[in-house]
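[1] here is a sequence together with a model predicted from it:
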Amino acid sequence: MSHVTSSVRPPLVTGGKTYGDVTEDITRQVEGKPTMLWNVAFLISLIVLGIGAYGLYRVFWFGIGEWGLNKTVGWAWDITNFVWWVGIGHAGTLISAILLLFRQKWRTSINRAAEAMTIFAVLCAGSYILMHMGRTWLAHWALPLPNTYGPLWVNFNSPLVWDVFAISTYLTVSLVFWYIGLIPDLATIRDRAKNKVSKIVYGLLSFGWDGATKSWQHYETVSLVLAGLSTPLVLSVHTIVSFDFATSVIPGWHTTIFPPYFVAGAIFSGFAMVLTLMLVTREVFNMKDYITIGHIESMNKIIIVTGSIVGVAYITEFFIAWYSGVQYERYAFVNRMFGPYWWAYWSMMSCNVISPQLLWIKKIRTSVVATFILSIVVNIGMWFERFVIIATSLHRDYLPSSWAMFTPTYVDVLCYLYSFGFFFTCFFLFAKFLPVINMAEVKAILKSSSEPVEETRKATTVQPGYQARPAFNKEMD
Amino acid sequence: MEQHHNHTESTFLVGIFDDEDVLMSGVKKIRNSGVKIHEVYTPFPIHGLDEALGYKRSFMSRAAFLFGLTGFTCLVALMVWTMGSDWPMNVGGKNYVSVPVLVPVAFEGTVLFASLGMVATFLTVCNLYPGKKPFLFDNRTTDDKFAMAIDVSKNKLSADEITSIVKNYGAIEVSTKLVQPGDLD
C-alpha cells in the first residue's frame, strides 16, 4: 500500500472528491473568466500600488531625507517593514519544507499559496533594503564583485553582508522550490487548455512534463532535498536578520536571545498572514473541501505555540535586562514600557501575547470569523514588535541632548502602502492564473485522507480480473 | 515518407488504470508474468512505484551534496582570499580571518549551490525545458488516469497475450499507440 494513515484522523479532503474532481475544482478559476470580485480586488490592489509608487518616486528621486528619519533614529519604518515582510515569508517555507519533513499531510492544500506568499513577501522585504540604500543604482556594491577602485571587497565581518547572502539565497531557493512544485500542475492545465493562448503559455511554463515514473522519482527526491535545505535556510534567514541588531552594541538590540525569538516571531506572523489569505481564497474560490476547518485549526495551534514562545521571549528579555545590572540596558526596557512609545509596546503585548491565547478555546480556533480577526490582530502586533525593537531602542541615545522622537512623513506612509499594493497585486495574479492548491499533492493524499474513498478501499482487495469501481470514477471513458 | 515511417515506428500497448493501489500491485504482477514495461505515467507521485518498476534510487541527493560542497568551498575560498590576502583589513588588531565570521555566508553559499545545481541536474536528466512538446500516451495521465506503456517489439510475448495479462491485473482499457522515432526523446 502506498499510503498508511490512522483511521482516527479526520479526512483532510471532504466532500468525497475523486482525482477528476480535484482537477476540476482547482483548474476552474484558472480556466474561467475572472469573477467580478477578483476584478474589483485586483483593481483596488493596483490603485494602492499606484498611490504607493509615488512614495517610491519621492525616495528614489529625492533620497531618504523624504522619510522622517533623524540623526538619532536612523532606522525606523523602512527596516520595520523589511523585517515584518521577511518574517511573513517564513510561514511559506515552514509549511512547504518543515512540514514536509515531518510528513504533515495537511500541508498539501495550503503549501502552494503559502509559498507564493513567501516569494511576494520576500520581494517586498528586499525592496525596503534597496530603498534604504538611498542610491539604489549602486545596490551591486553589496555584492562581492571586483570593482574599478582596486581590490576592495565587501566586509564579510558585517551582518549586513550576511543578510545580502541570506535574503537573496532565500528568495532564489523559495522561487525554485515553488516552481518545481508547479510544473506537474501546469502540465495538467496545459493538457486541458482549450484556447490557443493558454495552450502556448502553459505549454511553455510546464517544461514538457509527462508524469513518467522516472521523472516523478527524481522530482520526489528533489522536493525532499530542497525541503531539507530550506529548513535550515529559513531558520538561518531570520537568525541573520536578527544579527543585524544583536551584533550591535545598542542597549535593547545587544541580546543573545534574538535569533530564536525572531524565528518564532517570524513563523507566528507568517502563519497569521497565511490564515488571512487562505480564509479569503477559500471563500472567493469556494475551496472549503480542501481548506477545511481542520486546516484552520492546525494553523491556529501553531500560532498559539509560536505566540507563546514570543511572549516568553519578551519576558525573558525584560528579566535579563534587569539581571544584567547594566543601567543602559535596564533603562532601554523601562523606556519601552513606560516611555513616550508606551502605546507601541502595549499594542505589541496585547496583540502578540494576550490575543493569541484566546485560541486555546476550541470554539474560537475553529471559527472562521474569529480566526480572520485574530490573524489581522497578530500581524498588527508583529509590526509593532519590530517598531518597538528598532525605534524605541534608538530614540533615547546615550546623551539626553541627542534624544529624539520619530514621526513618519507621508512618504513613510506611502512606502508602506506600496508594499501592500505590490503584495496583493502579485497574489491576485497568482490566484487567477496559477493553481492555488497543489493538485498533484492533494491527489496523492486523496485515497488515504478522503472519507468515502477510504471506505470503498477497505472493501476492495485487488484480485486478477479486477474491474473498475464506478463509484470512484464518475466519468469512465 | 510513409514507407520510411512504417519501418521505424514502434507499436506500444497502453494500459489505463484508475486506481493507484491496483496499479501498484498490477505492476508487480505484470512484470512477474514476464512483460517488460516501458514506463508508467501518473498524475501524481506514487511512493514505491519506482521500486516496483525496478528503478534504481535517484541520484539527485548525491548531486545536491556535490554541488553544495562546491558552493561551500568557493565561498570559503573567496572570503579567506579577500579578507586574508587580497585586501586584509585591520579591525582593532583582530585576526584578518576568523572562522565564526565565515559561517553564515558559507552556509548560504552551500544551500544556494546545492539547490540550483540539483534543480539544473533534475531538469537536464528528465529533459525538461521551457517549450518542450511532451509526448503523451494518454492525455488523461495529467488528470486522473494512470497509463502503462509497453513496447511490443521489446517483449517476447505477443500483443494479444500482453493485453490479456494487463487487463487481467486491473487495467480498465488497453489501446495501441504508434510511436514515431524521436517521440520519446
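    Cool, the structure landed. Numbering: from 1, shown residues only, chains lettered A, B, ... in the order given.

[2] name the element residue 176 belongs to?
    Using chain A here. Assigned by DSSP states H and E, residue A:176 belongs to helix A:159-192.

[3] hmm, I had chain B in mind actually
    strand B:173-179.

[4] for that strand, which strands pair with it and how are they oriented?
    strand B:10-17 (antiparallel) (DSSP bridges).

[5] quick one: whichever helix or strand comes after the partner strand near chain A?
    The element immediately downstream of strand B:10-17 (helix or strand, assigned by DSSP H and E) is helix B:20-32. Yes - using C-beta under 8 Å from any C-beta of the partner chain, helix B:20-32 comes into contact with chain A via B:20, B:21, B:22, B:24, B:25, B:26, B:29. C-beta: built from backbone N, CA, C; applies to glycine.

[6] which pair in the residues you listed has the greatest spatial separation?
    Using C-beta to C-beta, those reach their maximum pairwise distance at B:20 and B:29, which is 15.1 Å.

[7] low-confidence ranges in the chain?
    Since no chain was named, I'll use chain A. A:1-10, A:15, A:148-151, A:448-477 (pLDDT under 70).

[8] that was the other one, I meant chain B.
    B:1-7, B:185.

[9] can you give the contact residues for the strand holding residue B:176?
    A:477, B:9-16, B:135, B:137, B:149, B:159, B:163, B:166-167 (C-beta atoms under 8 Å, 6 or more residues apart in numbering or on different chains).

[10] scan those and report the most crowded one.
    residue B:15 (29 neighbours; other C-beta atoms under 10 Å in any protein chain shown).

[11] tell me which element the closest residue to residue B:66 other than its chain neighbours is part of?
    Distances taken as C-beta to C-beta, 6 or more residues apart in numbering or on different chains put residue B:117 closest to residue B:66, at 7.6 Å, once the chain neighbours are dropped. If you go by DSSP H and E, residue B:117 is part of helix B:99-125.

[12] the helix holding residue A:176: which residues count as buried?
    A:159, A:161-171, A:173-174, A:176-178, A:180-192 (16 or more other C-beta atoms under 10 Å in any protein chain shown).

[13] identify the residues contacting residue A:185.
    Shown in contact with residue A:185 (C-beta under 8 Å, 6+ apart): A:26, A:112, A:434, A:435, A:438, A:439, A:440.

[14] which phi and psi does the fifth one have?
    I take that to be residue A:438. phi -70, psi 100 (degrees, to the nearest 10).

[15] on that earlier part again, elements contacting the helix or strand just after the helix holding residue B:117?
    Using DSSP H and E, the helix or strand that follows helix B:99-125 in sequence is strand B:146-151. Using 3 or more C-beta pairs under 8 Å, 6 or more residues apart in numbering or on different chains; DSSP states H and E, the elements in contact with strand B:146-151 are strand B:10-17, helix B:20-32, strand B:39-41, helix B:159-168.

[16] and of the ones you listed, who's closest to residue A:397?
    Closest to residue A:397 of the helices and strands packed on strand B:146-151 is helix B:20-32 (C-beta to C-beta; 65.5 Å).

[17] list the helices and strands the closest one packs on?
    Counting contacts by 3+ C-beta pairs under 8 Å, 6+ apart, helix B:20-32 packs against helix B:49-52, strand B:146-151, helix B:159-168.

[18] just name the most buried of the ones you listed.
    Among the helices and strands packed on helix B:20-32, judged by mean count of other C-beta atoms under 10 Å in any protein chain shown, the one packed with the most neighbours on average is strand B:146-151 (a mean of 25).

[19] can I get that strand as PDB, trimmed to CA atoms?
    Taking Å, rounded to 0.1, in the frame of the first residue of the first chain, the C-alpha atoms of strand B:146-151 are listed here in PDB:
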ATOM      1  CA  PHE B 146      -2.500   6.100 -14.900                       C
ATOM      2  CA  ALA B 147      -1.000   4.800 -18.200                       C
ATOM      3  CA  MET B 148       1.300   1.900 -18.500                       C
ATOM      4  CA  ALA B 149       3.200   1.900 -21.800                       C
ATOM      5  CA  ILE B 150       4.600  -1.400 -23.100                       C
ATOM      6  CA  ASP B 151       6.800  -1.600 -26.200                       C
END
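
[20] so that strand versus helix B:20-32, what angle?
    20 degrees (axes from the mean of the first three to the mean of the last three C-alpha atoms, to 10 degrees).

[21] thought residue A:146 was touching residue B:78, still the case?
    No - between residue B:78 and residue A:146 there is no contact under C-beta atoms under 8 Å: 10.9 Å.

[22] okay if I get the contacts of residue A:185 as CSV plus neighbour count?
    Below are the contacts of residue A:185 laid out as CSV (neighbours: other C-beta atoms under 10 Å in any protein chain shown):
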residue, neighbour count
A:26, 23
A:112, 27
A:434, 19
A:435, 24
A:438, 25
A:439, 26
A:440, 25
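
[23] burial measure for residue 113, as a count.
    Unless you meant another one, I'm taking chain A. Number of residues near residue A:113 (other C-beta under 10 Å) recorded here: 26.

[24] could you do chain B instead?
    22.

[25] and it, how far is that from residue A:89?
    To residue A:89, residue B:113 is 22 Å away according to C-beta to C-beta, to the nearest Å.

[26] then residue A:161?
    Residue A:161 sits 20 Å away from residue A:89, going by C-beta to C-beta.

[27] burial check on the residue in chain B positioned nearest to chain A, number of neighbours?
    Going by C-beta to the nearest C-beta, chain A is nearest to residue B:132 of chain B, at 2.8 Å. Other residues within reach of residue B:132, judged by other C-beta under 10 Å, total 16.

[28] quickly find the element holding the nearest residue to it once chain neighbours are set aside.
    Leaving aside its chain neighbours, residue B:132 sits nearest to residue A:208 (2.8 Å; criterion: C-beta to C-beta, 6+ apart). Counting by DSSP H and E, there is no helix or strand that carries residue A:208.

[29] list phi and psi for the residue nearest in space to the middle of chain B.
    Per C-alpha atoms, centre = their mean, the C-alpha nearest to the average position across chain B is that of residue B:126, at 4.9 Å. With angles defined as degrees, to the nearest 10, residue B:126 sits at phi -90, psi 0.
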